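J.: below are the sequence and a predicted model for it; my questions follow.
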Amino acid sequence: MKIVYLLTTADASAGTENAVLTQANALAAFADVEVMSVHRTSRRTHFAVSPRVRLRYIADRPETATPSRVIPKSWDDQFDAATDDAVADALQRIRADIAVTTTPALAYLAARYVRSDVKLVHQEHRFTSARGGGWEPLRLAAPRLEAIVALTEMNATWLNQKLAGIATHVTVIPNGMDVAGSPVSSLDQRLIVSAGRMVPAKQFEHVVEAFHRASQNVADWQLRIYGDGPSRVRLQTVIRRLGLEGRVSLPGVVPDLPTQLAKASLFALASRSEALPLVLLEAQAAGVPLVSYDTHTGPREIIEATGGGILVPRGSRNGLAAGMQTLMADDELR
């Protein structure tokens, strides 16, 4: 059996790439597996790729952005007119039993260009409702899809309601991760960690502000936020405004996040929305307790399954600070 995974940027350091490459590496022991990436943005992938997995890039990301003629910016702003023809040609050349798409835009492109004898399966790596108009290409692609795989029951229910009458099978398969040999935290360092792509939806400024409030009552703690992205400069401004330069650090993207998580005693997440965040699973694999916003899906499912953290109301910085302070002040509870 041959399986082709379609990614937008296989060399990115985000959760989708982590989850998909983990799957591809595992399935390569049983099948012929290829990962096809629309764009190359780095000389190497952030996450490990098994020697058994073929990795192919369609094109380098253009230096000058030109709106795609096929994928409107309101659907997905990562596509470009300069590579539209190359993407169409590459998808038309796929010879496989199954092609797996990982964003609604990729599902639409696969439905449009991939040969009809290739079965299409879509993996939905976000809470679809939070995509807004960005979920429209998935609706258009749905009749061509053999199945849509959601990460949580809530998202599957939403998809079933929105796709009622369209012959598509929706099922739930949570993200998996290889925890064999994962380092485990001793929970004795006075360190809070958060991590992810620095974009507005992750709301890392909420983590910094909540830490500022909590640390006024519990001394000697530090906060590290791993990752990079367009919100980094804004986050640095918040840190300076609160006078936290000596206590909050932004180390950037690191090659082995689980090792850094094993140095933490608390993990904080303040995202506006999540699906089933791998970073929380990685923190739990390291034995690190969580304080997280109760987004529509994701954190609640993880914390209810593990008992490993505190949920606070979505968007409540006071709640986040209170949850942090509770765990910062209680060694036994952590």
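T.: Yep, that arrived.

J.: now the strands: where do they sit in the stretch 101-250 of the chain?
T.: All strands of the stretch 101-250 of the chain, identified by DSSP state E, counting those that start in this stretch, fall at 119-123, 147-150, 169-172, 191-195, 222-226, 248-252.

J.: just the CA trace of the fifth one, in CSV.
T.: It refers to strand 222-226. Taking Å, rounded to 0.1, in the frame of the first residue of the first chain, the C-alpha atoms of strand 222-226 are listed here in CSV:
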residue,chain,number,x,y,z
GLN,A,222,10.7,32.1,36.0
LEU,A,223,8.8,31.9,32.8
ARG,A,224,10.1,30.6,29.4
ILE,A,225,8.1,30.8,26.2
TYR,A,226,9.5,28.7,23.4
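
J.: check contacts around residue 105.
T.: 8, 71, 75-76, 78-79, 134, 137 (CB atoms under 8 Å, 6 or more residues apart in numbering). For glycine as for every other residue, the C-beta is placed from the backbone atoms N, C-alpha and C.

J.: how about 7 Å then?
T.: Residue 105 sits next to 71, 75-76, 79, 137 when contact means CB atoms under 7 Å, 6 or more residues apart in numbering.

J.: equivalent analysis for residue 24, please.
T.: 5, 33, 35, 53.

J.: of the strands of the stretch 101-250 of the chain, which is nearest residue 15?
T.: Nearest to residue 15, of all these, is strand 191-195, at 10.0 Å by CB to CB.

J.: which secondary structure elements does the closest one sit against?
T.: Strand 191-195 makes packing contacts with helix 204-215, strand 222-226, helix 257-261, strand 266-269 when contacts are defined by 3 or more CB pairs under 7 Å, 6 or more residues apart in numbering; DSSP states H and E.

J.: and the nearest residue to residue 249 once chain neighbours are set aside, how far is that from residue 318?
T.: Nearest residue to residue 249, sequence neighbours excluded (CB to CB, 6 or more residues apart in numbering): residue 224, at 5.1 Å. In this view, residue 224 and residue 318 are 22 Å apart by CB to CB, to the nearest Å.

J.: show me which of these two is the more surrounded one.
T.: Between residue 224 and residue 318, residue 224 has the larger neighbour count (other CB atoms under 10 Å), namely 18 against 12.

J.: what separates the more buried one from residue 163, distance-wise?
T.: 41 Å.

J.: that's all I had, so thanks and see you.
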